[in-house]
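Trainee: One predicted model, sequence on top.
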Amino acid sequence: MRFTRLLALRYTFGLRKKVAVTLISRFAAFVIGVAVFAFFVVLSVFGGLREFGLQFTHAFDPDIRITSATSGQFNIDEDVFMTVQNHPEVALTSATLSQEMILRFEDRTVFANIIGVDSLFYAVVAGETMVGDWVQPGAYELVLGIGVLSQLDGAAYDHPEGITLLVPNKRGAGVLNQQPFSAQSAVVRGVFQIGASIDENTAYAPIDMVQQILRTRENQASALYIKLTDDADEIAVQQDLQKIVGNDYNTKTKAELNPALYKMLHTERVAVIAILTLVVLIALFNVVGAIIMTLLEKKGNIKTLHQLGATAPSLRRVFFMQGLLLSGLGSCIGLLLAILVVWLQKSFAVFSIPGSGLPYPVALEWSSFWTVVLVVGGLTTVVSWLASTEVKGVIKQ
């Protein structure tokens, strides 16, 4: 083993009689380094863009959401609520009450899902208003999605007369001349923007205003929004809360609230890794070339060593280790430089998105590191082993 290791080191790093063989070996290491550098940087940029996009997608999503499994609304059980709130990894709990309503401004109307929120809601989620302020408890105010506002007319924003919310009345038997709708005026205090699917049909209001329009009890809710502590295990807490609330309720994490989005992101990541793997495989052809050129240059030495007692498998290991050394050297240098570049971008925002002034998002993730190591390491092992089989042909000549 020591013999094969020393010979591989000499063939990899030693000076050759033929300068071309030395240049080919060094070029092979350089190309692998460039490929690994690009592999890690692209994965880091993809991870950064993923985090950047999810910040908007999850702007008004909690860490965990609890809803009824059987109906749209439920009565909050004080004992269960306190047990959930007292969980060691639960930071805050907020109740919401949602209802589809008609919004009317002058001669325009639009349907929207009005979500009534309490005073803790804005502390539970990470959302921000694009324009204006958040709703205040006890006030008759709204925060609209930008799509809802555009359908009503931009003039509705902060209009002194506000907009009118309409919801069908629940008719009682034998009641005559009842108004078909309950109406309530509210002023638009803020506008948010997340994505078209949410912006065009969602609005937020104080929960007491929604309770008044719907004529429900104070303990009525559509969902409980849970914010976890920074070091909480999301899946473990979800399982604990599911046991607390029972099978009559559903508990979902952020990922489960947007399954299609996460599936799409996973598919895109797999596609990116597949393309970059192909790039690395193409780069490894240079290692194959370096091994074969070394075999041709050292043909006489190989035959002499074989006659002196060196077995074919031991000689094969020499060139297999040469391939590992060439690829390993280039990969280590490329990976270290890539980590340095990503760290500099994350810490000092060296590169910005053209026209926006925002730093280009990157993510320094262990998953990207191990993906590069496993893909490059696996391909290098296979390619080097296949290239080293040419030793048998040299011995037989």
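Mentor: Now that the structure is in, tell me what you want to look at.
Trainee: continuing past the longest strand along the chain, what's the next helix or strand?
Mentor: Ranked by residue count under DSSP state E, the longest strand found in the chain is strand 90-105. If you walk from strand 90-105 toward the C-terminus, the next helix or strand you reach (DSSP states H and E) is strand 108-117.
Trainee: Counting neighbours, which bits of that following strand end up buried?
Mentor: In terms of neighbour count (16 or more other Cβ atoms under 10 Å), strand 108-117 has its buried residues at V110, A112, N113, I114, I115, G116, V117. To be clear about C-beta, it is placed using only N, CA and C from the backbone, and glycine gets the same treatment.
Trainee: Show me what counts as buried in the longest strand of the chain.
Mentor: Under 16+ other Cβ under 10 Å, the buried positions of strand 90-105 are 90, 92-99, 101-105.
Trainee: swap in stretch 159-168?
Mentor: Buried, per 16+ other Cβ under 10 Å, within stretch 159-168: G162, I163, T164, L165, L166, V167.
Trainee: Now intersect these with the strands, please.
Mentor: Those of those lying in strands (DSSP E): I163, T164, L165, L166, V167.
Trainee: Looking at these, spot the one nearest F27.
Mentor: I163 (68.5 Å; Cβ to Cβ).
Trainee: Give the closest residue to the closest one in space, chain neighbours not counted.
Mentor: Using Cβ to Cβ, 6 or more residues apart in numbering and skipping residues adjacent in sequence, the residue nearest I163 is F105, 4.4 Å away.
Trainee: Quick check, the one you found in contact with G154.
Mentor: No - under the criterion of Cβ atoms under 8 Å, F105 makes no contact with G154, lying 10.2 Å away.
Trainee: got a list of what the nearest residue to L43 once chain neighbours are set aside touches?
Mentor: Spatial nearest neighbour of L43, excluding adjacent residues (Cβ to Cβ, 6+ apart): S368 at 4.0 Å. Taking Cβ atoms under 8 Å, 6 or more residues apart in numbering, we find S368 in contact with F40, L43, S44, G47.
Trainee: Save the residues you listed as CSV, and put in secondary structure too.
Mentor: Shown next, in CSV, are these (DSSP: H, G, I helix; E, B strand; the rest coil):
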residue, secondary structure
F40, helix
L43, helix
S44, helix
G47, helix
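Trainee: top of these by neighbour count?
Mentor: F40 (28 neighbours; other Cβ atoms under 10 Å).
Trainee: SS state for S71?
Mentor: Quick answer, by three-state DSSP: S71 is coil.
Trainee: got the CA coordinates for stretch 331-347 in PDB?
Mentor: The C-alpha coordinates for stretch 331-347 follow below in PDB (Å, rounded to 0.1, in the frame of the first residue of the first chain):
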ATOM      1  CA  SER A 331     -12.000  19.900  -5.900                       C
ATOM      2  CA  CYS A 332     -10.600  21.100  -2.500                       C
ATOM      3  CA  ILE A 333      -9.200  24.300  -4.000                       C
ATOM      4  CA  GLY A 334     -12.400  25.000  -6.000                       C
ATOM      5  CA  LEU A 335     -14.700  24.200  -3.000                       C
ATOM      6  CA  LEU A 336     -12.700  26.400  -0.600                       C
ATOM      7  CA  LEU A 337     -12.700  29.300  -3.000                       C
ATOM      8  CA  ALA A 338     -16.500  28.800  -3.600                       C
ATOM      9  CA  ILE A 339     -17.200  28.800   0.200                       C
ATOM     10  CA  LEU A 340     -15.100  32.000   0.500                       C
ATOM     11  CA  VAL A 341     -17.000  33.800  -2.300                       C
ATOM     12  CA  VAL A 342     -20.400  32.800  -0.900                       C
ATOM     13  CA  TRP A 343     -19.400  33.900   2.600                       C
ATOM     14  CA  LEU A 344     -18.100  37.200   1.300                       C
ATOM     15  CA  GLN A 345     -21.400  37.800  -0.600                       C
ATOM     16  CA  LYS A 346     -23.500  36.800   2.400                       C
ATOM     17  CA  SER A 347     -21.500  39.000   4.800                       C
END
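Trainee: tell me the mean pLDDT over it?
Mentor: Average pLDDT, stretch 331-347: 95.
Trainee: Buried ones in that stretch, by neighbour count?
Mentor: By 16+ other Cβ under 10 Å, the buried positions in stretch 331-347 come out as S331, I333, G334, L335, L337, A338, I339, V341, V342, Q345, K346.
Trainee: residue ranges of the helices in the stretch 101-250 of the chain, please?
Mentor: 121-124, 146-152, 196-199, 207-214, 234-245 (DSSP state H, counting those that start in this stretch).
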